[in-house]
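In: sequence unknown, structure follows:
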C-alpha cells in the first residue's frame, strides 16, 4: 500500500490500489460537509501527493454515496473560528478555502471527482477544480452561496474558467438553483453521468496509468494554462465575501432561508 494511504486521517479515508489513490470525504453524518479540519487535511494530503512520484491518479469521492453538501456552516460560524476565517479573507494570498480546491489543479496527476447524493457549494467548487467529474444520475448540484447571502469564494473564478460558460455560471451563482446530473452535464458542470460512477472513475484512472506519467502531467499543465486568472481575481472573491458577511442583506438572507416572506433591503454595494 502507498505510504500516503498508510497515514491516519480524522476526516478522510485514503486507500491505494495499483498506484491509484482514492480519497473519501468521511463525515457521513454531516453529508460530508467541509469542516475546517477537512480543509486542513485535504491541503496536507495534496502536498503529499505532489511529492510522491509513484501515484498515477487520484479519485475524490464521499462516504455513504454523498460527495459534499457544502461548507460546514456550524464550524464556519463558531465563535472560535471567526478570527481565523476573517484572516483568511483579509490576507493577500490564497485563502485556505480557495487552496483546498485549487490545490487539486496543481497536483501533477489527473484528479477525478465521483459525485453522488449532493454536490453543493464548497463541494461543487472542489469538484470543478478536479480534472474530470463523473456523476451518478441522481446527484444534485448547486452553487448554493447566494441562498445564504454569500458569494462563491473558493477559487470558482479559476476552476470554472473554460469549464462552464460565463452566462451559465452567472445564472447558477445568482439563483443558487439546484440542478440534477443530467442538466449539469448539459451545462458543463459534469463530464460523464454513470450509474456506477466510482467504477467508471477507476476504469478511467487505469487508462491514465497506461500512458507516460510525464505526458499525462504535461497535458494537464498546458491545458490548464489555456485558462488562467490572476491572483487579483482570487483576491476579489475574498473581498466581496467579506462585504457580504458584513452587509445588511446577509442577515436577511439567513432569515429568508427559513421564512420566504422576508424581504431584502436595497442594494448596499456598487
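Out: In hand now; what should we look at? Note that the coordinates shown come from a computational prediction; the quantities given were computed from them, not determined experimentally.
In: lowest average confidence, helix or strand, in the protein?
Out: Ranked by mean pLDDT, DSSP states H and E, the weakest helix or strand in the chain is helix 79-90, scoring a mean of 76.
In: buried stuff in that one?
Out: For helix 79-90, a neighbour-count test (16 or more other CB atoms under 10 Å) marks 81, 85, 88-89 as buried. Bear in mind the C-beta positions are built from the backbone N, C-alpha and C, glycine included.
In: could you do stretch 196-204 as well?
Out: 197-198, 200-202, 204.
In: tell me the pLDDT of residue 254.
Out: For residue 254, the pLDDT comes out at 85.
In: let me fix that, I meant to ask about residue 218.
Out: Reported pLDDT for residue 218: 96.
In: check the one 4 residues further on too.
Out: Per-residue confidence at residue 222 stands at 95 (pLDDT).
In: surely residue 96 and residue 42 touch.
Out: No - counting by CB atoms under 8 Å, residue 96 stays clear of residue 42, with 9.7 Å between them.
In: circling back to that earlier point, of the buried residues of stretch 196-204, which belong to strands?
Out: If you go by DSSP state E, these have nothing in strands.
In: before we move on, back to that, tell me which other helices or strands the least confident helix or strand of the chain touches.
Out: For helix 79-90, the elements it packs on are helix 231-246, judged by 3 or more CB pairs under 8 Å, 6 or more residues apart in numbering; DSSP states H and E.
In: who are the packing partners of the helix it packs on?
Out: Checking 3+ CB pairs under 8 Å, 6+ apart, helix 231-246 ends up next to helix 79-90, helix 96-106, helix 156-159.
In: which residues does the second one contact?
Out: If you take CB atoms under 8 Å, 6 or more residues apart in numbering as the criterion, helix 96-106 is touched by 34, 38-40, 42-43, 46-47, 50, 58, 60, 71, 88, 94, 111, 122, 125-126, 128-131, 153-155, 158-159, 224, 234, 237-238.
In: now those: which count as buried?
Out: Here, 16+ other CB under 10 Å leaves 34, 38-39, 42, 46, 58, 60, 71, 88, 94, 111, 122, 125-126, 128-131, 153-155, 158-159, 234, 237-238 buried among the contacts of helix 96-106.
In: restricted to strands, list those.
Out: Filtering those for strands - DSSP E - leaves 58, 60, 111.
In: and the gap between residue 161 and residue 149?
Out: 25 Å (CB to CB, to the nearest Å).
In: neighbour count winner among the two?
Out: residue 149 (20 against 17; other CB atoms under 10 Å).
In: tell me the contacts of that one?
Out: 244, 247, 249-254.
In: just the pLDDT for it.
Out: Predicted confidence (pLDDT) for residue 149: 91.
In: just the helices in the chain please.
Out: For the chain, the helices defined by DSSP state H occupy 3-6, 36-51, 73-76, 79-90, 96-106, 122-128, 156-159, 166-175, 181-187, 197-209, 213-225, 231-246, 248-256.
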